[in-house]
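*Asks:* sequence-free structure coming up:
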């Protein structure tokens, strides 16, 4: 059996819905999960605590702005959404440096998905490729078969360069390992 990423990790879960927060805490029971139900509380926690991962709701808590703060602090972030599940918020999440984007419909699989995503990330494999390999059919079902056509240039470039997407470039600009080297 492979080692779980979640065991003994410190995770921040941000959502304005108490039932979602409770579900995340229950599913990620092998990790220490701090919670926030609003932007201000989450932002303070991001700047005052070192997290191994953040799970951010897009709506209700200004998740995209929190994502930017996580990137600056080199905290990997997974975007979680129900109401903002659309191609535009997916693209924005990618561009801003999220490592994944999940529908709340997949909440019951959150622990497995996190283990796989963080395992891929630790091996230098592109998390977005893993996500689309696993959940691409879900996006097609939610958005329609030709949903990438409207932003074809973005998706063509993105799929050619999974590992050096704009989001990863943004993340690298804030990485202490890179900054310290003067790159």
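*Replies:* Arrived safely. Because the structure is a prediction, the values reported are computed rather than measured. Numbers count the residues shown, from 1 in each chain.

*Asks:* Now residue 139: closest residue in space that isn't a chain neighbour?
*Replies:* Using Cβ to Cβ, 6 or more residues apart in numbering and skipping residues adjacent in sequence, the residue nearest residue 139 is residue 147, 6.9 Å away. Glycine gets a C-beta too; all of them are placed from N, C-alpha and C.

*Asks:* What of residue 135?
*Replies:* According to Cβ to Cβ, 6+ apart, the nearest residue to residue 135 is residue 106 (7.1 Å).

*Asks:* so how far is residue 13 from the one you found?
*Replies:* Using Cβ to Cβ, to the nearest Å, one gets 15 Å for the distance from residue 106 to residue 13.

*Asks:* Tell me, how many residues neighbour the nearest residue to residue 4 once chain neighbours are set aside?
*Replies:* Distance criterion Cβ to Cβ, 6+ apart; nearest residue to residue 4, sequence neighbours excluded, is residue 115 at 5.6 Å. Counted with other Cβ atoms under 10 Å, the neighbours of residue 115 add up to 16.

*Asks:* likewise the one 10 residues further on?
*Replies:* Residues near residue 125, counting by other Cβ under 10 Å, number 13.

*Asks:* Give the helix, strand or coil label for it.
*Replies:* Counting by DSSP: H, G, I helix; E, B strand; the rest coil, the backbone at residue 125 sits in coil.

*Asks:* need the contact list for the residue nearest to residue 135.
*Replies:* 113, 135, 138 (Cβ atoms under 8 Å, 6 or more residues apart in numbering).

*Asks:* at 10 Å instead, please
*Replies:* Residues near residue 106 by Cβ atoms under 10 Å, 6 or more residues apart in numbering: 80, 112, 113, 134, 135, 138.

*Asks:* Go through those and say which is closest to residue 40.
*Replies:* Nearest to residue 40 among the contacts of residue 106: residue 80, at 19.1 Å, using Cβ to Cβ.

*Asks:* For the closest one, I want the exact helix or strand it lies within.
*Replies:* Element membership for residue 80 (DSSP states H and E) is strand 77-81.

*Asks:* Given that strand, what are its sheet partners and their directions?
*Replies:* Partners of strand 77-81 in the sheet, by DSSP bridges, are strand 53-57 (parallel), strand 100-103 (parallel).

*Asks:* Who are the packing partners of the helix or strand just after that strand?
*Replies:* The first helix or strand that comes after strand 77-81 along the chain, using DSSP H and E, is helix 87-96. Secondary-structure packing of helix 87-96 (3 or more Cβ pairs under 10 Å, 6 or more residues apart in numbering; DSSP states H and E): helix 63-72, strand 77-81, strand 100-103, helix 127-143, helix 152-160, helix 166-173.
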